[in-house]
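Participant: prediction below, plus the sequence it came from.
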Amino acid sequence: MGLFDKIKQAFTGKPQETQEPEQVETTQKYDEGLKKSRQTFGERINALFANFRTVDEAFFDDLEEMLIESDVGYETALKISEALREEVKLKNVKKTNEVSQVIVQKLVDIYGEAGESEDNTLHFAEADEPTVFLFVGVNGAGKTTTIGKLAHRYQQAGKKVLLAAGDTFRAGAIEQLQEWGQRVNVPVVASKAGSDPASVVFDAVKEAKAQQADILLVDTAGRLQNKVNLMKELEKIKRVIQKELPNAPQEVLLVLDATTGQNALSQAKQFNETTKVTGIVLTKLDGTAKGGIVLAIRNELHIPVKMVGLGEQMDDLQNFEADEFIYGLFKGLIVEPEAQAAIETETEPTTAEDKGETDGTGEK
Amino acid sequence: MAFESLSDRLQNAIGKLRKKGKVTEADVREMMREVRLALLEADVNFTVVKDFVKKVRERAVGAEVLDSLTPAQQIVKIVNDELTKTMGEEAVPLNKSPHIPTIIMMVGLQGAGKTTTAGKLANYLIKNQKARPLMIAADVYRPAAVDQLKTIGQQLDVPVFDMGTDHDPVEIVKQGMIQADLQKNDYVIIDTAGRLQIDEKLMTELENIQNEVHPTEILLTVDSMTGQAATEVAKGFDEQLNITGVVLTKLDGDTRGGAALSIREVTGKPIKFTGQGEKLDQLDVFYPDRMANRILGMGDMLSLIEKAQTDYDEQQAQEMADKIKENSFDFNDFLDQMDQIQKMGPVDELMKMIPGLANNPATKNLNVSSKDLDHIKAIVYSMTPQEREEPNLLNPSRKRRLAAGAGRPIAEVNRIIKQFETSKKMMQQMSKGNMNGMENLFGNGVQGRLGKMALHSMARKQKKNKKKRLKNAKRFKS
């Protein structure tokens, strides 16, 4: 119930963050990005409820399908609908609007449960040695852009940041990172294109130690997870870092394109095997992505999402707030605070009115 | 997260009702569920799956399947047929403008692979049509995107027109076209910045470019790993720009690529090319039937067979056949075999084309790299000519010498010799037409009747070729 509490809090306590869809320009991108996700998700569930007068097998089939369509993945969808079936049976509810509450509650519970032991904060080195973040991922996921944004953030926070141009393979990758370095005013350690990335990283780690930098962000070339040799190269890069700084890298961040489908799981799994991924950066969430993959990753892999990319601007990288995100996903579904309170106090939902769907999300 | 292929799934479903003898309509429904899940797991868009399954069901419920003795295979066949039909019957070539230059504009989301594909296309046109393309760098937003295209241009020796990042892309394209006119380039490839299909400002920019130069081809570049969002992306771009074709990138990964089906279904536009790797020559024409197989997880047998056919040197094959007949298979042949395999392409790519191995979790850890083959070759090269012909000569002392010569551990030498023995046995067996015990040749991926079928068809094909060759040889002699 803890998470549910928080959601309620978010509802009543700090409505300016995500609740008002008619937000002003400044946070528009952030809002826009998540709005897309929650609209599709929430609207779909609502449409589903509207379609069914009673809860039967067909209803759960449709629910399952809807979850799949949000990129939640087949396994996860099955797991969730199975759990919901149980729950509905257990509480013996018949009308769809009662079920709606049970379902939302259960969804939130499942989501919270799977992520209970997860830690989605970024970790830093303890002593006065540099913190190292290693970025990995497939081609075109947004590694370099994420590094640029993150460099900007830490630079603004008064940290001494250093970047390592470990993508020596793709044409223009080094220049891309250097350009970011210039934009955010952060030095970049780079070598010639085509040189050994591990050697560049080695130089960068040495440089970071010599300069007593606070944070070293290591870029790597994009690679598909089924390329054995390239994955070995990643292992080597990590070894090189650990040789100089035994506690580093503090974070190995897998950069994941939010529009990716089921292959995201394969990516997470295999990158995790070679480099022990500590967190995920979900990029391009401002698109049409429904964000369902977050549920899948949580359920099947237990790798926490630590940051989300919501646009192309420097400050469009946000810390991932799991609760807020899930709240956003289900926003259209959660009923008014009074009804909420009713659910809170009683196990059996009593209120019947589903005012959620007129909650201001339906303007597009 | 075990991705079973559709054929495995159906076989399992069928296995349950095998005892009943005949298949009922309810059984078909059960099988349709499997079809649906297989497609969903492959990331085919949900609504597309729904329509598709309906189509298949209608056909399946018709007499075709119910009366068949092999319903599972019938259904796979129907699904395959329908998939291929949906994806277009055959490969669609690049549009060509009646007068030069033919203008190709690349559009798509960020990180889909537009710039790389632009380079690959230029390379493809040079290789296949002796074209003189010009590339225009119109991505002024992403840092160093212009540099990236310029570097690719240098690698391919293709001119790149750019005006830095301070100009309006529409203006850049305009100026680029003037230059193309002066230099009489026959192809112009415009690389644009990645953008979301819902970004109105940037989409208008694309429209402006379109109105300015009227591209012959507008190619939407899509990451083959895209999930359910693929339809919306494709629809968005198609509605605003009326795209003429699609390029599917990063297909060398382990994704099923269901996005291909979704895109094709919602836009009706042909997929023209596929990106198969990071090198600039790794662009392939799109074959709908092969993609159908991939989505279903049936492997890309056709591609493999075709590749084998073109690359296998006929004469060498003849000699090999003779040798097999004579029952003498020595290290020279072993080496030759190795060369043949390497000629076909990187081993891991070949493996993927074999049914059951593609997307098979069991083979994910199977790392055969071309380096392993090189090591084997190094060991064989370290043998004396006599040793190569008479493998029995290899005693421990000689083996030690081989290990030192090739710079590999002695255990590996032993392994190679063992491998050679197996290979020898297999070749003898094959020449006698005995296929027993060969099912495991491809690991446990291909199982049951379907696997046997694949093997037999391969063997048949090989025999047919051999007969042909023998006939030809006879004709020459007489």
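Facilitator: Now that the structure is in, tell me what you want to look at.
Participant: now do the contacts for A:Leu254.
Facilitator: Neighbouring residues of A:Leu254 by C-beta atoms under 8 Å, 6 or more residues apart in numbering or on different chains: A:136-137, A:267-268, A:271-272, A:277, A:279-281, A:303. Every residue, glycine included, has its C-beta placed from N, CA and C.
Participant: again, 6 Å this time
Facilitator: Residues counted as contacts of A:Leu254 (C-beta atoms under 6 Å, 6 or more residues apart in numbering or on different chains) are A:136-137, A:271, A:277, A:280.
Participant: can you confirm it is in a helix?
Facilitator: No - A:Leu254 is assigned strand when assessed by DSSP: H, G, I helix; E, B strand; the rest coil, not a helix.
Participant: tell me, what's the model's pLDDT at B:Met203?
Facilitator: Per-residue pLDDT puts B:Met203 at 91.
Participant: swap that for A:Ala58, please
Facilitator: A:Ala58 is given a pLDDT of 73.
Participant: my read: A:Ala164 touches A:Lys206, true?
Facilitator: No - with contact defined as C-beta atoms under 6 Å, A:Ala164 does not count as touching A:Lys206 (10.6 Å).
Participant: who's more crowded, the two?
Facilitator: A:Ala164 (30 against 12; other C-beta atoms under 10 Å in any protein chain shown).
Participant: is that one bridged to anything, and to what?
Facilitator: Counting by DSSP bridges, A:Ala164 is bridged to A:Val189, A:Val218.
Participant: roughly how far apart are it and A:Leu150?
Facilitator: Using C-beta to C-beta, to the nearest Å, A:Ala164 is found at 13 Å from A:Leu150.
Participant: where does the stretch 1-150 of chain B dip in pLDDT?
Facilitator: B:1-23, B:62-74 (pLDDT under 70).
Participant: would you check that B:Asp238 makes contact with B:Gly268?
Facilitator: No - B:Asp238 is beyond contact range of B:Gly268, at 8.6 Å (criterion: C-beta under 6 Å).
Participant: higher neighbour count, those two?
Facilitator: B:Asp238 (20 against 10).
Participant: tally of neighbours for the nearest residue to the more buried one once chain neighbours are set aside?
Facilitator: With sequence-adjacent residues excluded and distances taken as C-beta to C-beta, 6 or more residues apart in numbering or on different chains, B:Asp238 is closest to B:Thr267, at 4.5 Å. By other C-beta under 10 Å, 20 other residues sit near B:Thr267.
Participant: swap in B:Lys184?
Facilitator: B:Lys184, neighbours per other C-beta under 10 Å, totals 10.
Participant: repeat for B:Ser423
Facilitator: Residues near B:Ser423, counting by other C-beta under 10 Å: 15.
Participant: repeat for B:Pro169
Facilitator: 24.
Participant: and the residue of the stretch 251-364 of chain A nearest chain B?
Facilitator: Nearest to chain B, among the residues of the stretch 251-364 of chain A, is A:Gly261, at 2.4 Å (C-beta to the nearest C-beta).
Participant: contacts only, for the residue lying closest to that residue once chain neighbours are set aside.
Facilitator: Spatial nearest neighbour of A:Gly261, excluding adjacent residues (C-beta to C-beta, 6+ apart): B:Gly227 at 2.4 Å. Going by C-beta under 6 Å, 6+ apart, B:Gly227 touches A:71, A:260-261, B:43.
Participant: same thing but at 10 Å, please
Facilitator: For B:Gly227, the contact set (C-beta atoms under 10 Å, 6 or more residues apart in numbering or on different chains) comprises A:69-73, A:257-264, A:288-290, A:292-293, B:43-45, B:255, B:258-259, B:262.
Participant: for it, what are phi and psi?
Facilitator: Main-chain torsions, B:Gly227, degrees, to the nearest 10: phi -90, psi -140.
Participant: and B:Thr204, how close does it get to B:Val173?
Facilitator: Taken as C-beta to C-beta, the span from B:Thr204 to B:Val173 is 14 Å.
Participant: what's the answer for B:Leu39, then?
Facilitator: 39 Å.
Participant: isn't the residue nearest to B:Asp238 up against B:Ala259?
Facilitator: No - using C-beta atoms under 10 Å as the test, B:Thr267 is too far from B:Ala259 to be in contact (11.7 Å).
Participant: quick one: the strands in the stretch 51-200 of chain A?
Facilitator: Taking DSSP state E, counting those that start in this stretch as the criterion, the stretch 51-200 of chain A contains strands spanning A:131-137, A:161-166, A:188-189.
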